[in-house]
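[1] Fold the following and give me the result.
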Amino acid sequence: MVSGRQGPWRRAGEHLEAAMTMVDTPAKPVGVMELGDHLALLYDNDEERRSVMAAYARDGVRAGHKIVYISDGVTAAEVLAWLLAEGAATGPGPQEDTPDLSEAMDAGHFIVRTAEETFLASGRFDPAESIELIATEIDLARVQGYRGVRITGEARFSLRRWPGTERFGEFEQLLDDAFLTSDPTAMAVCQFDRRWFDDARLAEVETRHMGRVRVNDYHDDGSLRITPIFNPPGAELAGTIDGSNLAAAEDVLASITTRTGLLCLDLSGLTGCDAAGLRLLTGAFGPGRRRGHGLLLRGVPPALHDRFREEGLDGTPGIAVEYRPR
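    Next comes the predicted model:
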């Protein structure tokens with residue numbers, strides 16, 4: 001039974017506190033989400049979105065959670081095909097024992113419903129009714145024996161001016177309130193495409209979530225974090241590269257491939273790099289790269305400007321360097 005249906009849905013005032021602190025809270029990697037989380041995915045390309053959503057679904061299958069995907073008019077077969085698209089990145093993290101989403105869908109472990117059939121059965125969008133429908137879905141999953149429920153929805157339908165969709169923000173607030181419970185049984189990711197939602201609208205909906213979700217890191221040992229980026233394709237490095245993490249960084253960079261052949265390493269968060277680390281970065285697409293491939297080192301921090309220039313990287317064929325202003 002969903003806690004809150006038979007008792008208080010919310011703890012008074014907690015949504016306000018969450019909204020006030022969210023701006024300063026780093027986005028949470030999808031792989032560490034917990035029951036009770038209600039997070040926003042703000043994306044501007046499908047590769048990033050697919051990486052997050054595939055991890056979210058597969059992690060749910062591993063955890064014995066039921067996955068409920070609410071699409072913007074897209075069928076279950078189309079959602080599955082998109083997640084499993086040939087050549088699509090599986091995203092960082094262990095790939096062994098990867099759950100089969102096709103089998104999960106066949107077993108009812110992973111279900112897809114359209115926003116129209118979920119929210120507009122009565123002919124208009126009603127926030128309170130929509131919350132009750134979601135609560136019923138969660139109750140059903142718990143009766144079926146699932147350990148939890150993972151809900152995700154494409155929010156683009158709210159821009160279609162269907163009756164009642166002007167109250168979409170109210171729905172998000174009610175959902176946020178619903179998840180603030182001492183006995184959480186579900187989590188949710190709401191998907192917002194930056195190409196459709198303007199900055200003002202995104203700022204408003206963000207206050208109705210507990211925070212943001214992002215792609216999993218390739219590597220994070222506390223001193224160096226390597227995170228995928230998608231536009232342009234590559235990785236963001238933050239922290240320090242030294243002997244303690246050089247081998248791990250080398251393995252990660254060697255595993256990254258891009259369809260364009262151009263790899264971008266965003267170094268704007270790098271605070272330190274020893275000589276071996278510098279050789280690793282400049283060799284990421286070095287002597288062995290194929291014709292037409294190249295390396296963009298973006299946002300080189302001021303502390304490393306002189307060292308990069310001393311190495312003559314500005315004139316190295318196939319390597320472009322962009323310096324962060326001093």
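[2] can you list the weak-confidence ranges in the stretch 151-300 of the chain?
    Low-confidence segments of the stretch 151-300 of the chain, defined by pLDDT under 70: 284-292.
[3] Just the helices from it, written as ranges.
    168-179, 199-206, 246-255, 275-282 (DSSP state H, counting those that start in this stretch).
[4] closest to Pro29 out of these?
    The minimum distance between Pro29 and the helices of the stretch 151-300 of the chain falls on helix 246-255, with 15.1 Å, by Cβ to Cβ. Where C-beta positions appear, they are placed from N, C-alpha and C, glycine not excepted.
[5] And for Arg214, the neighbour number?
    Close neighbours of Arg214, defined as other Cβ atoms under 10 Å, add up to 20.
[6] Quick check: beta-bridge partners of it?
    Counting by DSSP bridges, Arg214 forms beta bridges with Pro29.
[7] Which stretch among the helices of the stretch 151-300 of the chain is buried most, on average?
    Compared across the helices of the stretch 151-300 of the chain, helix 168-179 shows the largest average neighbour count, a mean of 21 (mean count of other Cβ atoms under 10 Å).
[8] any idea of the pLDDT on Arg307?
    Listed pLDDT for Arg307 reads 82.
[9] burial count for it?
    By other Cβ under 10 Å, 13 other residues sit near Arg307.
[10] ok, the nearest residue to Arg113 once chain neighbours are set aside - contacts?
    Nearest non-adjacent residue to Arg113, counting by Cβ to Cβ, 6 or more residues apart in numbering: Ile70, 5.6 Å away. Residues counted as contacts of Ile70 (Cβ atoms under 8 Å, 6 or more residues apart in numbering) are 112-115, 118-119, 151-154.
[11] Now intersect those residues with the strands, please.
    Under the assignment DSSP state E, the contacts of Ile70 contribute 112-114, 151-154 to strands.
[12] Out of these, which end up buried?
    112-114, 151-154 (16 or more other Cβ atoms under 10 Å).
[13] and of those residues, the nearest to Asp193?
    Nearest to Asp193 among those is Glu154, at 8.1 Å by Cβ to Cβ.
[14] of all the helices of the stretch 151-300 of the chain, which lies closest to Ala77?
    With Cβ to Cβ as the criterion, Ala77 lies closest to helix 168-179 of these, at 26.8 Å.
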